[in-house]
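Asks: How does the following fold in three dimensions:
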Amino acid sequence: MSQITIVLAASARDWSDRLHRSVLDHGGATVVGRVMSGDQAIDAAFDVLFIDDVCSFLTPHLIYELRRSGKAIVGVFSPDDGSEGKRRLLEVGISDVAESEASPTEFLNVARTAVVGTPEVAQVEMSRPRSGMTIGVTGPPGGVGVTEIAIGLAQNLSQRHKVVLVDLNQTWPAVGQRLGLPVYPNLRTAADLALHEPDRIEEAMHSTGTMEVVAGLANPASGELPPSDIAGLVTSLGARRSHVVVDLGAVDRRSEVLYRRLEALLVVGIGDPVGITRVVRALEMVTESANGVEVGVVLNRVSGSPRQRLEIESQMAVLAPGVPVVLINEDGRLNSASWNGTTVSRGAFHRQVRRLASLFDGVPAS
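Replies: The predicted structure follows:
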């Protein structure tokens, strides 16, 4: 076996420094860095991660993502904790473990065993494999109706499926306010449960009509959730519901990590000349990152004659060839619904969103 590369998760215990010094002095492996968060661990290139049982970012989702990318993990626990430390590691999916008092040679022996025994990606599954269809809704900034389309889509799908709508707009969350939901529980609650107590995830959902909702952050100024936490939440919800509709807010490079969790992505814009130009630009941005994801366009608040609608469709066929486009009429019922915290159950908007929702009635095999 060639010399392994290792990464050390930040630790207050001395085993980390002992191991690092020994490797520098005597070789046997290469320490390529230390990580301070789950995102850093997922993005780093290495063979083995050493991580404490009490590490703040140790979660089942992190272990799943690392193993999915072919990386091995060694959990470290203190013998002073009795069996509790080892139990915590086993619960998150780590089977290769070492005591914090072990020698550097013992650490490296466990690491080599972990590398040899790392499961193939196809064999690694979370306790509940993801099976639902996840649909993202985004668009250029400026109030193009992303939230209304996400709500309407989720509400229509929920007439036939088990659906949860998630507000992942961490800058201007609006789903909870739009539907008159309580401030708590919210996205932060849901992400915490998904990562640490996934069987309790439904406690973070609000029921409204036939759909369920995970409301946005109560105070976005308190800080955004890490992308890996968001990805873990979406994966957990997809294991429990047939459809997950996510309001992503305005197109943002920070959403790129989530695109890999989607089966479909809708880019919403306004159905006028300026709106079409902006939605095509947004479409170009997301297409660069959403490889393998079905992408469609929704042109919202379209008004005018059938001739104008035909002109819009023809223009989109030239500007975005091969991309499906759905036109949604402007409908005054939305104003009343937004003030009342309700969804629209009739009229042009309802009918056209119902046709949009019918495109997602099939659930892909997991």
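Asks: Let me see the contact set for the spatially closest residue to Arg160 that is not a sequence neighbour.
Replies: In space, and not counting its chain neighbours, Arg160 is closest to Asp361: 6.6 Å by C-beta to C-beta, 6 or more residues apart in numbering. (Glycine included, C-beta is placed from N, CA and C.) For Asp361, the contact set (C-beta atoms under 8 Å, 6 or more residues apart in numbering) comprises 157, 160-161.
Asks: would you turn those residues into JSON lines with distance to Ala9, neighbour count and secondary structure?
Replies: Output for these, formatted as JSON lines (distance: C-beta to C-beta, whole Å; neighbours: other C-beta atoms under 10 Å; DSSP: H, G, I helix; E, B strand; the rest coil):
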{"residue": "Leu157", "distance to Ala9": "40", "neighbour count": "26", "secondary structure": "helix"}
{"residue": "Arg160", "distance to Ala9": "44", "neighbour count": "13", "secondary structure": "coil"}
{"residue": "His161", "distance to Ala9": "39", "neighbour count": "19", "secondary structure": "coil"}
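Asks: Nearest to Arg18 among those?
Replies: Checking the contacts of Asp361 against Arg18 by C-beta to C-beta gives His161 as the nearest, at 53.6 Å.
Asks: ok, the closest one touching His243?
Replies: Yes. Assessed by C-beta atoms under 8 Å, His161 is found in contact with His243 at 5.1 Å.
Asks: Tell me, please, the helix or strand in the protein that averages the lowest pLDDT.
Replies: Lowest by mean pLDDT, DSSP states H and E among the helices and strands of the chain is helix 256-259, with a mean of 78.
Asks: now it: how far from the chain's centre is it?
Replies: With C-alpha atoms, centre = their mean, to the nearest Å as the basis, helix 256-259 stands 7 Å off its chain's centre.
Asks: Parallel or antiparallel, which strands does the following helix or strand past it pair with?
Replies: Using DSSP states H and E, the helix or strand that follows helix 256-259 in sequence is strand 264-270. With DSSP bridges as the test, strand 264-270 is paired with strand 133-139 (parallel), strand 294-302 (parallel).
Asks: Tell me which of those is the most buried.
Replies: strand 133-139 (a mean of 26; mean count of other C-beta atoms under 10 Å).
Asks: okay, the nearest residue to Thr208 once chain neighbours are set aside: pLDDT?
Replies: Counting by C-beta to C-beta, 6+ apart, Thr208 lies nearest to Leu179, which is 5.5 Å off, once chain neighbours are set aside. Per-residue confidence (pLDDT) for Leu179: 95.
Asks: So Leu179 is in contact with Glu148, correct?
Replies: No. Leu179 lies out of contact with Glu148 (C-beta under 8 Å); the separation is 11.2 Å.
Asks: Tell me which other helices or strands the least confident helix or strand of the chain touches.
Replies: Helices and strands touching helix 256-259, by 3 or more C-beta pairs under 8 Å, 6 or more residues apart in numbering; DSSP states H and E, are helix 227-238, helix 273-289.
Asks: how about CSV for those helices, with distance to Ala174, mean neighbour count and mean pLDDT added?
Replies: Formatted as CSV, the helices and strands packed on helix 256-259 follow (distance: least, C-beta to C-beta, whole Å; neighbours: other C-beta atoms under 10 Å; pLDDT from 0 to 100):
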stretch, distance to Ala174, mean neighbour count, mean pLDDT
helix 227-238, 17, 24, 87
helix 273-289, 18, 17, 91
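Asks: Distance check, the nearest residue to Tyr184 once chain neighbours are set aside against Ser16.
Replies: Nearest in space to Tyr184, with sequence neighbours left out and distances taken as C-beta to C-beta, 6+ apart, is Ala218 at 6.6 Å. From Ala218 over to Ser16 the distance is 36 Å, taken as C-beta to C-beta, to the nearest Å.
Asks: More neighbours: these two, which one.
Replies: Between Ala218 and Ser16, counted using other C-beta atoms under 10 Å, the more crowded position is Ser16 (21 against 16).
Asks: For the more buried one, which non-adjacent residue is closest in space?
Replies: Nearest residue to Ser16, sequence neighbours excluded (C-beta to C-beta, 6+ apart): Leu8, at 5.0 Å.
Asks: in a strand, that's where that neighbour is, yeah?
Replies: Yes. Counting by DSSP: H, G, I helix; E, B strand; the rest coil, Leu8 is part of a strand.
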